[in-house]
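Trainee: Just need the structure, nothing else, for what follows:
(one chain, ligands or ions: 1)
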Amino acid sequence: MLEDRTQPLLRVSALLKTFPGLTALDHLDLEVRSGEILALVGHNGSGKSTLMKILAGVYTADGGAFETAPGTELHFIHQDLALIEQLSAAENLALRSDEGAAGLSPYRERRIREHARELITRFGPEFDVTCPLHQLSPAQRAVVAISRAMDGWTHSRNVLFLDEPTESLHRSEVEVLFQAVRRLAAEGAGIVFVSHRLDEVWSLADRVVGLRDGQKVIDQPVVEMLETQLIEIVTGAPHEDAGADGTPASAAGDRALHVRGLSGGSVTNFDLDLHAGEIVGIAGTLGSGREAVPALLYGSMEADAEVFEAGETPLRRRTPATSLRHGITFVPADRGRLAVVRDFTARENLTLPHLAATTRAFAPIDSRAERAEAAGAFAEYEVRPARTEQRIALFSGGNQQKIVIARSMHRRPRVLLLDEPTQGVDVGAKSAIYTAVRRGAAAGTAVIVSSSDAKELATLCDRVLVMRDGEVGAELTGSQLTERAIVAEAYGLP
Ligand SMILES: Nc1ncnc2c1ncn2[C@@H]1O[C@H](COP(=O)(O)OP(=O)(O)OP(=O)(O)O)[C@@H](O)[C@H]1O
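Mentor: Model (predicted):
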């Protein structure tokens, strides 16, 4: 244990972690001091989550050590949030505190509900704390995880690790979270913040530690850094604006979707005319309906529609299976639960939905064709490590996202529905995904992108529908389509 109060709260020395055939952490040294916010950055697969898992006791290191100051606790919010999906927000929060044991108290239910509400409203709009977590949006689940990590601290000199906590949050929600984080740091906590959003690193961090292939390549105060320098360190490549590689596809072609009066979840009377080759964004704050639109269009969320036509074909009973048959595919935000078969290899996950293409009649799967297809997708999307035979669950979060997007683009769908497509993805991969989406649109796919990232929508889309209170509040195109305008419309600002 670190004894002296002027010493760091956490010191990591020469930490080493290997997995078969790769070194995930290569003799990493790191210090976290009281009162500082440290941004931990690095490309997908650079070792950030591995470091946190070792400190949290999930993995054992193969070498090196770490120590904490007396009384300092380490708290973690992992990418997968580690919440119990079948329980409500209130119950998840009660598990963290002594309330979980007070099962006989008649007032227990009310008390845990009130406690949960109190914690959750620190981070923005209140929601139903008694509803099971799997019915909440990703952003609401993140809010529950953050509330749980900050609940019940007896003193402030703890270290809080946040692994991409803002991925599903809108900009204003991010600012609420940042204010809470800054308050904790000002009270003496050490914060380690993992993010691929460099603008967030800029606005929040005091110091930046950069990892590349498990090694520390930079450790310096943020004020001494240039943004381009940071991007180069993280990607290992000269900086190019992620959105600067081509103009948005704008050739509006045949009708892909014609929808009138779509209602379901928090959305009412949603109308859409989508054409081949168009990229249409869906923006809006948490609770505006933005996050429900792709699932409603896909049929994975219950919805009614007065008119729903794919091309010229009316779809009366819509389910994911009928959508797929009519060329409508969906990449959900919550890929860990909804988009991958965790025990299958990356190759199997890539080729599963379209095995017919690599299967000859009455013959086993043509594994050579399947392998060639997987290798091609890995190269195109820069998936790391380039091991198509590795179980998908062993890839880092961002690399899993690249695999899922590659899969859905493969069969040239009529309509591609993307929910938070670059969540957890580094700047290099973001650029690869934008290029692939534009290429798909140029080849005739109509794309819907629901995103909390206004800059992403302004960069990628031909037009953006801004949701407010479950309805389309504004449609932005041409010169009106800017990041600022999207945010202003989402919040009803002048
Ligand atoms: N259990 C495991 N078995 C084998 N390899 C693993 C395992 N866990 C992680 N890895 C590998 O270790 C490397 C580091 O992964 P890690 O998840 O720490 O990256 P990361 O920096 O958090 O990435 P991301 O930004 O995509 O979340 C990657 O190459 C990953 O594939």
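
Trainee: All the helices of the stretch 301-450 of the chain, in order from the start?
Mentor: Counting by DSSP state H, counting those that start in this stretch, the stretch 301-450 of the chain forms helices over residues 320-325, 335-338, 346-351, 367-381, 397-410, 427-442, given from the N-terminal end onward.

Trainee: Who are the packing partners of the first one?
Mentor: This points to helix 320-325. Of the remaining helices and strands, those touching helix 320-325 by 3 or more CB pairs under 8 Å, 6 or more residues apart in numbering; DSSP states H and E are helix 293-298, strand 328-331. Placement of C-beta: from N, CA and C, glycine included.

Trainee: Can you tell me which of the ones you listed is nearest to the ligand?
Mentor: Among those, strand 328-331 comes nearest to the ligand, with 16.4 Å by CB to the nearest ligand atom.

Trainee: export that closest one as CSV, just CAs?
Mentor: Listed next in CSV are the C-alpha coordinates belonging to strand 328-331 (Å, rounded to 0.1, in the frame of the first residue of the first chain):
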residue,chain,number,x,y,z
ILE,A,328,-34.0,-4.7,-44.4
THR,A,329,-31.2,-5.3,-42.0
PHE,A,330,-30.5,-3.9,-38.6
VAL,A,331,-27.3,-3.4,-36.5
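
Trainee: Contacts only, for the nearest residue to residue 407 once chain neighbours are set aside.
Mentor: The spatial neighbour of residue 407 that comes closest, neighbours along the chain excluded (CB to CB, 6 or more residues apart in numbering), is residue 350 at 5.0 Å. Counting by CB atoms under 8 Å, 6 or more residues apart in numbering, residue 350 touches 373, 374, 377, 388, 403, 406, 407, 410.

Trainee: what about residue 350, distance to residue 339?
Mentor: Residue 350 sits at a distance of 12 Å from residue 339 (criterion: CB to CB, to the nearest Å).

Trainee: Which positions in the protein make contact with the ligand?
Mentor: 19, 22, 24, 42, 44-50, 385, 394-399, 424 (CB under 6 Å from any ligand atom).

Trainee: Let's see which of these end up in strands.
Mentor: Counting by DSSP state E, those place 19, 22, 24, 42 in strands.

Trainee: For residue 196, state which of the residues you listed is nearest.
Mentor: When those are compared for distance to residue 196, the smallest value, 9.0 Å, is given by residue 42; criterion: CB to CB.

Trainee: buried subset of the residues of the chain next to the ligand?
Mentor: Neighbour-count burial (16 or more other CB atoms under 10 Å) is assigned, among the residues of the chain next to the ligand, to 24, 42, 44-50, 385, 395-399, 424.

Trainee: so which of these would you say is closest to residue 270?
Mentor: Distances from residue 270 to these, taken as CB to CB, are shortest for residue 424 (27.4 Å).

Trainee: Would you list the phi and psi of the closest one?
Mentor: Backbone geometry at residue 424, expressed as degrees, to the nearest 10, gives phi 70, psi 20.

Trainee: what about the most centrally placed residue in the chain, distance to residue 490?
Mentor: Nearest to the centroid of the C-alpha atoms of the chain, with distances taken as CA atoms, centre = their mean, sits residue 423, at 3.0 Å. Taken as CB to CB, the spacing of residue 423 relative to residue 490 amounts to 18 Å.

Trainee: mind checking how far residue 441 is from the ligand?
Mentor: Taken as CB to the nearest ligand atom, to the nearest Å, the spacing of residue 441 relative to the ligand amounts to 26 Å.

Trainee: State the number of residues packed around that residue.
Mentor: Burial of residue 441, expressed as a neighbour count using other CB atoms under 10 Å, amounts to 24.

Trainee: following the one helix or strand residue 208 maps to, which helix or strand shows up next?
Mentor: Using DSSP states H and E, the secondary-structure element containing residue 208 is strand 207-212. The first helix or strand that comes after strand 207-212 along the chain, using DSSP H and E, is strand 215-221.

Trainee: List the buried residues of that following strand.
Mentor: The neighbour-count check on strand 215-221 (16+ other CB under 10 Å) flags 216, 218 as buried.

Trainee: Specify the angle between it and strand 207-212 in degrees.
Mentor: The directions of strand 215-221 and strand 207-212 differ by 160 degrees, with axes from the mean of the first three to the mean of the last three CA atoms, to 10 degrees as the criterion.
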